[in-house]
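1. Okay, structure incoming, though there's no sequence with it:
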């Protein structure tokens, strides 16, 4: 299709800042989506990109290509009918008028009235119908082969359902010879229709080659763009100079001039980056590429070409070009291309007003203003806005950092707590180990199913809460505290279960109402009064504050304070639940505040379990637990002393031999302290 546009398409003066012949090389990054239109196997194309980059031109070129060379019924959707009329007047009509190949074919009928001419463009062998997505009649009126859906995040949901799905039903009569293109800049994460579509695709990203060393990289504003700053004596930034912002090559370190960037854009190539499973492993193409080109220990021994060959196959013929993701073990293409998705930021834009310095200036102006930050993310980064986000949490990256431990309880754990989420027909339970400075390890995640009106699931839950867990040297651990959710339909049973086990610190809890987004303490500061001790009440915990802490700690990337360790047997579904909720802005009484909300259709049991396990730790701290002191006490390994017939701390010099028949190490449980006592 780029060849058709370069040969036949003309640019109208009123449709943009330039006129004359179309040249795909002007916005080279647009070549990938245009090639995908005729790429074998592709039926759906999603473009989630920044504003003024390639979306509208893609839709115009697709219409022109099919009308001229492969005529068929085409439906172009806008959010509303008046937007469809405006698009027809301002984009389609000028395109037809200045492009001879189209002017000879389209709109020659004299029998149609003005309204039909505006929203219906006939040509031999087909037509272009323009319609608003809010009218089900428009979506179901006629069979079509090509659907061009523009500004999809603004579409309403009709009484018959999702507009794009309804429109794509009209392609059924064309068998495998159909195409649907969805174009939009994204809006809010998990609410954006174009984001959801891109996630379903093969998730293509564009690389460009450094003009100095030839290394291919995927430009990222936060990784590759920097500018001069003035700092005070303490090293704090006191002034930014965004006009100095430039891209720096991640390989050779050269700072690109604006001319370097424009030359690099001419080398744009698209790569499938969606993760996949093959040969017993999960593969993340972009991460694999970065490891491959850097070589062992960041030695950069591997060349860019060799690294690309390791991760992708360059699929090229006379009209098609894309890097297809392949399994590094068997070499097979494992990411389907039926749905081709494209994402690009302003860093790929050739326009003068989209230089890195302009993007940086807009970023600095948006700092501290949530509405401006959303605009920046959507229009400059071409990404959905993540409220209270900071850095993006990538599920694949969380899965990839799974660990294998030497025993049930990893070294470093000082305390175990348990969080229990109560559902209608099951318990979901997470066992969490805590170490120095609240570094944590997810020791186990269990689901106990059963009829809650019978003793069976409660007995199995009690057995799990009573279980002894062992470290590699044999040191035993038991759950020091448990928080169990008392919400839902089994409140009284949770109360009865917990009240009978208060001596084991099994606490029934309930989440705060979070009125006006107030952040209450995770564990209430006020101690129970005599009245509340006599009559059982659940503990009201500050779930918003707990979720703030957990989300922030998921961003910690190095072991140490606050880092969250996970075993390597957790699947991506667990991490999807752990990161399912979003911090959203609410307005009440003229005041803005933030609360955590669960998007429709998502599950959050893993997050709830971690919140409750953390609340249990906070409860222990409230009762006097000194976590770091306890971490020092339990850090010393144990040995079995046959003479004492007990497990004792290892001596400074290891004995040469130990009895081979040492019994299972079980520490004598210390006497239970009163709830008001202090815990070491």
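-> Yep, that arrived. Only a predicted model underlies this, so the values are computations on that prediction, with no experimental measurement involved.
2. Run through who's touching the helix or strand where residue 230 lies.
-> Per DSSP states H and E, residue 230 falls inside strand 225-231. With contacts defined as CB atoms under 8 Å, 6 or more residues apart in numbering, strand 225-231 is touched by 237-248, 347, 356-357, 359-360. No exception for glycine: its C-beta is placed from N, CA and C like everyone else's.
3. Select only the buried ones of those in ChimeraX?
-> Selecting only the buried entries of the contacts of strand 225-231 in ChimeraX, with 16 or more other CB atoms under 10 Å as the criterion:
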select :240,242,245,246,247,347,356,357,359,360
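4. Next SSE downstream of the strand holding residue 230?
-> strand 237-247.
5. Tell me which other helices or strands that next one touches.
-> strand 225-231, helix 356-366 (3 or more CB pairs under 8 Å, 6 or more residues apart in numbering; DSSP states H and E).
6. The last one - contacts with which helices or strands?
-> Translated: helix 356-366. helix 221-224, strand 225-231, strand 237-247, helix 370-376.
7. please redo it, this time with the cut-off set to 6 Å
-> Applying 3 or more CB pairs under 6 Å, 6 or more residues apart in numbering; DSSP states H and E, one finds that helix 356-366 contacts strand 237-247, helix 370-376.
8. any chance of the ones you listed in JSON lines, plus mean pLDDT and distance to residue 409?
-> JSON lines is the format used below for those (pLDDT from 0 to 100; distance: least, CB to CB, whole Å):
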{"stretch": "strand 237-247", "mean pLDDT": "93", "distance to residue 409": "43"}
{"stretch": "helix 370-376", "mean pLDDT": "85", "distance to residue 409": "42"}
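9. And those: which comes nearest residue 460?
-> Nearest to residue 460 among those is helix 370-376 (45.3 Å), distances taken as CB to CB.
10. List the contacts of the closest one.
-> Around helix 370-376, the neighbours that count as contacts under CB atoms under 6 Å, 6 or more residues apart in numbering are 362, 363, 366, 385.
11. helix or strand right after that helix?
-> helix 395-400.
12. per-domain residue ranges of the protein.
-> 2-200, 214-335+345-385, 399-634 (automatic domain parsing).
13. List the contacts of residue 65.
-> Applying CB under 6 Å, 6+ apart, the residues contacting residue 65 are 1, 4.
14. tell me which element it is part of?
-> helix 55-69.
15. any idea how far residue 468 is from residue 476?
-> Distance, residue 476 to residue 468, using CB to CB, to the nearest Å: 5 Å.
16. bridging residues for the closest residue in space to residue 581 that isn't next to it in sequence?
-> Computed as CB to CB, 6 or more residues apart in numbering, the closest residue to residue 581 that is not its neighbour in sequence is residue 596, at 4.5 Å. Per DSSP bridges, the residues bridged to residue 596 are residue 583.
17. The residue positioned nearest the centre of the chain and residue 579: what is the separation?
-> Geometric centre of the chain, nearest residue: residue 394, 4.8 Å, by CA atoms, centre = their mean. Residue 394 is 9 Å from residue 579, where distance means CB to CB.
18. quick one, phi psi at the nearest residue to residue 247 once chain neighbours are set aside?
-> Counting by CB to CB, 6+ apart, residue 247 lies nearest to residue 256, which is 4.5 Å off, once chain neighbours are set aside. The phi and psi values for residue 256, taken as degrees, to the nearest 10, are phi -80, psi 140.
19. And for residue 256, the neighbour number?
-> 21 (other CB atoms under 10 Å).
20. which secondary structure elements does the longest helix seen in the chain contact?
-> Identified as the longest helix of the chain according to DSSP state H is helix 605-622. Packing partners of helix 605-622 (3+ CB pairs under 6 Å, 6+ apart): strand 415-422, strand 426-434, strand 479-485, helix 543-554, helix 572-578.
21. For these, give me TSV that also has distance to residue 268, mean pLDDT and mean neighbour count.
-> Below are these laid out as TSV (distance: least, CB to CB, whole Å; pLDDT from 0 to 100; neighbours: other CB atoms under 10 Å):
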stretch	distance to residue 268	mean pLDDT	mean neighbour count
strand 415-422	47	96	26
strand 426-434	44	96	24
strand 479-485	50	96	25
helix 543-554	33	89	20
helix 572-578	30	93	18
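22. I'd like those as a markdown table, with distance to residue 142 appended.
-> Putting the helices and strands packed on helix 605-622 into a markdown table (distance: least, CB to CB, whole Å) gives the following:
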| stretch | distance to residue 142 |
| --- | --- |
| strand 415-422 | 50 |
| strand 426-434 | 48 |
| strand 479-485 | 52 |
| helix 543-554 | 48 |
| helix 572-578 | 39 |
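23. for the residue lying closest to residue 478 once chain neighbours are set aside, phi and psi?
-> Closest residue to residue 478 in three dimensions, ignoring its sequence neighbours and counting by CB to CB, 6+ apart: residue 468, at 5.6 Å. For residue 468, the backbone dihedrals (degrees, to the nearest 10) come out as phi -100, psi 130.
24. do the same with residue 289
-> phi -60, psi -40.
25. ok, now residue 153?
-> Dihedral angles for residue 153 - degrees, to the nearest 10 - are phi -70, psi -10.
26. Would you quantify the distance from it to residue 184?
-> Here residue 153 is placed at a distance of 5 Å from residue 184 (CB to CB).
27. What is the distance between the helix holding residue 65 and the centre of its chain?
-> What separates the centre of helix 55-69 from the centre of its chain is 32 Å, taken as CA atoms, centre = their mean, to the nearest Å.
28. and after it, which helix or strand comes next?
-> Immediately after helix 55-69, counting by DSSP H and E, sits strand 73-78.
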